[in-house]
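Got a predicted structure here, sequence first:
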Amino acid sequence: MRIARSTQKSMLDSIARAGRPTMGDVAASLVLDRSALAHNIKPLEREGLVEMVADDNDKRNRLVALTEAGWAKLAQSMPLWEEVNAVLSARSARRRRKCFE
């Protein structure tokens with residue numbers, strides 16, 4: 001699976017930073033409501049990039065974690081993400097310079 005949307009990369013990043021966050025924690029970090037997160041995380045789960053597990057401390061909570069494939073996909077996406085950011089930064093710098101000419 002390729003990461004088709006920046007939101008998918010953001011979800012993987014957020015989960016990776018937190019380790020094994022609850023769905024509520026991921027939703028809060030991405031400023032999404034939990035139902036929107038659940039809808040958007042399903043493709044990542046279907047592709048085996050994330051897994052949902054019950055919280056040992058509170059069975060009502062579901063924890064989300066990157067799988068081995070999820071870590072690999074996140075690592076694979078980084079050079080592409082950096083390239084896009086470099087292009088956008090250069091465009092933005094050119095536009096700012098034009099504003100002051």
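That came through, no problem.

quick one, what contacts Asn40?
With contact taken as C-beta atoms under 8 Å, 6 or more residues apart in numbering, Asn40 is in contact with 7-8, 11, 32. Heads up, the C-betas are built off the backbone N, CA and C, glycines and all.

Quick check: the farthest pair among those?
Using C-beta to C-beta, the contacts of Asn40 span at most 12.6 Å, a distance reached by Gln8 and Leu32.

Do I have it right that Val50 meets Arg62?
No - applying C-beta atoms under 8 Å as the test, Val50 and Arg62 come out as separate, 11.0 Å apart.

okay, these two: which has more neighbours?
The residue with more neighbours, out of Val50 and Arg62, is Val50; 22 against 15, by other C-beta atoms under 10 Å.

distance between the helix or strand of the chain with the lowest mean pLDDT and the chain's centre?
Within the chain, no helix or strand scores below helix 68-99, which has a mean of 86 by mean pLDDT, DSSP states H and E. The chain centre lies 14 Å from the centre of helix 68-99; the measure is C-alpha atoms, centre = their mean, to the nearest Å.

buried set for it?
For helix 68-99, burial by neighbour count (16 or more other C-beta atoms under 10 Å) applies to 70, 73-74, 77.

hmm, who's touching stretch 74-86?
Stretch 74-86 is contacted by residues 3, 9, 12-13, 16, 66 when judged by C-beta under 8 Å, 6+ apart.

Which secondary structure element is home to Ile41?
Per DSSP states H and E, Ile41 falls inside helix 34-46.
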